[in-house]
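S.K.: sequence and predicted structure below; questions after.
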Amino acid sequence: MGQLVSITDRFRAPQVALIRRMNPDCSEDEFNQFMHVAATLGLDPLKKQVYAFVFSKDKPDKRRMSIIVGIDGFRAVAKRSGSYRPDDRAPRFMTDPEAVDALRNPLGLISVEVTAYQHSHGAWYPVTAIAFWDEFAPIVEDGEWQENDRGKRYFKGNGKFRLDPAKDNWRKMPRVMLAKCAEAQAIRRGWPEDLSAIYSDEELDKARTIDLTATELAESAEVERRMAMIGGADCILFDMGDGLERIAIGKAADTIIAKLRTMPVHDVLQWRNMNRVPLQEFWGRAKTDALEVKKFLEGVEKSAEVPAP
């Protein structure tokens, strides 16, 4: 696993051309990266096992590509390692009757726990992850499109929120969708060398809702208010161990270091491996702040002990 694989070993030229047409938003470099990852993981874009999504595609300073793998792809990659087996238990859900909301949370889900098992040194070890509804469910604001004095359309929200109608599976089968998020986290945590910065479709539903909303409302006076409410402005998507989190760049160093101080050394170093790509983005967009995180991680690695909070 993780070895270099030639794209030509996996795909013929006509197939590559077709995959390119299926991913029109990717730049040349992004497409080459995507194809390399697909070939290395042994997943087929033509079967929709893996595909690329470009965030903020019309904003060069914020543009970034995420590689998305279906949950079956996660399982296949882990299985090929020879050290994976799924849990024989069903996902464990936590619900709250008071959280039931017909539009935002039809079953009152709070969280779900899913475990994968990894074989190491002759024994099986559980790798458990918890996904929270509030962190993954794609919520949008209701409202209507209006036109300003200059003839430009903008979206005026009414302050009422609901599950994104464009992602109706979250309404139809909310347990399945949330459980996929937790399972993807568990597998990525157990096999970060293969799946670092690779996300499942369901994990990014909320992030894509935020991104698309921001693009569509770019000229609206409502943008800053809405983005502040849903946490999408000038953020980087990190895997914080208990779920994906969009962290404002200006707060990223303090937030990350505070979180890492609560974690044992092994988990800190695993967190670094899982977040290689977002850390590179952080370095490119806020080098001074990113340097604080880099120094902290280097200190943990040298001392082999996380400093006390």
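M.R.: That came through, no problem.

S.K.: list the strands paired with the helix or strand where V140 lies, with their directions.
M.R.: In this structure, V140 sits in strand 139-147 according to DSSP states H and E. Using DSSP bridges, the strands paired with strand 139-147 are strand 153-163 (antiparallel).

S.K.: may I see the buried residues of the strand it pairs with?
M.R.: Residues 154-155, 157, 161, 163 are the ones in strand 153-163 that count as buried (16 or more other CB atoms under 10 Å). Every residue, glycine included, has its C-beta placed from N, CA and C.

S.K.: poorly predicted segments of the stretch 201-309 of the chain, please.
M.R.: Low-confidence segments of the stretch 201-309 of the chain (pLDDT under 70): 207-234, 242-243, 304-309.

S.K.: any idea where the strands of it begin and end?
M.R.: Along the stretch 201-309 of the chain, counting by DSSP state E, counting those that start in this stretch, strands occupy 235-239, 244-248.

S.K.: equivalent analysis for the stretch 1-150 of the chain, please.
M.R.: Applying DSSP E, counting those that start in this stretch to the stretch 1-150 of the chain gives strands spanning 50-55, 64-69, 84-86, 92-95, 109-120, 123-132, 139-147.

S.K.: L163: what's it in contact with?
M.R.: 103-104, 137-140, 170-171 (CB atoms under 8 Å, 6 or more residues apart in numbering).

S.K.: how much space between it and A102?
M.R.: Distance from L163 to A102, counting by CB to CB, to the nearest Å: 10 Å.

S.K.: now R285
M.R.: 40 Å.

S.K.: pick out whichever of these two has more residues nearby.
M.R.: Using other CB atoms under 10 Å as the criterion, R285 and A102 rank with R285 on top: 16 against 9.

S.K.: burial of K302, as a residue count?
M.R.: When neighbours are defined as other CB under 10 Å, K302 has 8 of them.

S.K.: take the buried residues of strand 153-163 and write them to JSON lines, including pLDDT and distance to S27.
M.R.: Shown next, in JSON lines, are the buried residues of strand 153-163 (pLDDT from 0 to 100; distance: CB to CB, whole Å):
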{"residue": "Y154", "pLDDT": "72", "distance to S27": "29"}
{"residue": "F155", "pLDDT": "71", "distance to S27": "28"}
{"residue": "G157", "pLDDT": "73", "distance to S27": "33"}
{"residue": "F161", "pLDDT": "86", "distance to S27": "34"}
{"residue": "L163", "pLDDT": "91", "distance to S27": "32"}
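
S.K.: any idea how far F155 is from V140?
M.R.: 10 Å.

S.K.: my error: substitute K302 in the last question.
M.R.: Applying CB to CB, the value for K302 to F155 is 50 Å.

S.K.: which residues does M65 bridge with?
M.R.: Under the criterion DSSP bridges, M65 forms beta bridges with V54.

S.K.: ok, it touching N32?
M.R.: No - in this structure, M65 is not within contact of N32 by CB atoms under 8 Å, at 11.0 Å.

S.K.: compare these two (neighbour count), which wins?
M.R.: For M65 and N32, the more surrounded residue by other CB under 10 Å is M65, and the numbers stand at 20 against 12.

S.K.: report pLDDT for the more buried one.
M.R.: In this model, M65 is scored at 85, pLDDT.

S.K.: circling back to that earlier point, which among the contacts of L163 end up buried?
M.R.: 104, 137-140, 170-171.

S.K.: want to throw those residues into CSV with pLDDT and distance to D44?
M.R.: What follows is those, written out as CSV (pLDDT from 0 to 100; distance: CB to CB, whole Å):
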residue, pLDDT, distance to D44
R104, 91, 36
A137, 91, 29
P138, 90, 27
I139, 88, 32
V140, 85, 32
W170, 94, 26
R171, 93, 30
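
S.K.: which among those residues gets closest to L260?
M.R.: L260 has its nearest neighbour among these in A137, at 26.8 Å by CB to CB.

S.K.: do you know how far A76 is from G70?
M.R.: To G70, A76 is 9 Å away according to CB to CB.

S.K.: the two: which is more packed in?
M.R.: G70 (19 against 16).

S.K.: enumerate every residue touching the more buried one.
M.R.: Contacts of G70 (CB under 8 Å, 6+ apart): 48-50, 200-201.

S.K.: coming back round to it: any idea which of the strands of the stretch 201-309 of the chain is most buried?
M.R.: When the strands of the stretch 201-309 of the chain are scored by mean count of other CB atoms under 10 Å, the highest mean neighbour count falls to strand 235-239 (a mean of 21).

S.K.: still on that earlier bit, and the strands of the stretch 201-309 of the chain: which comes nearest S120?
M.R.: It's strand 235-239; of the strands of the stretch 201-309 of the chain, that one is closest to S120 (CB to CB) at 21.3 Å.
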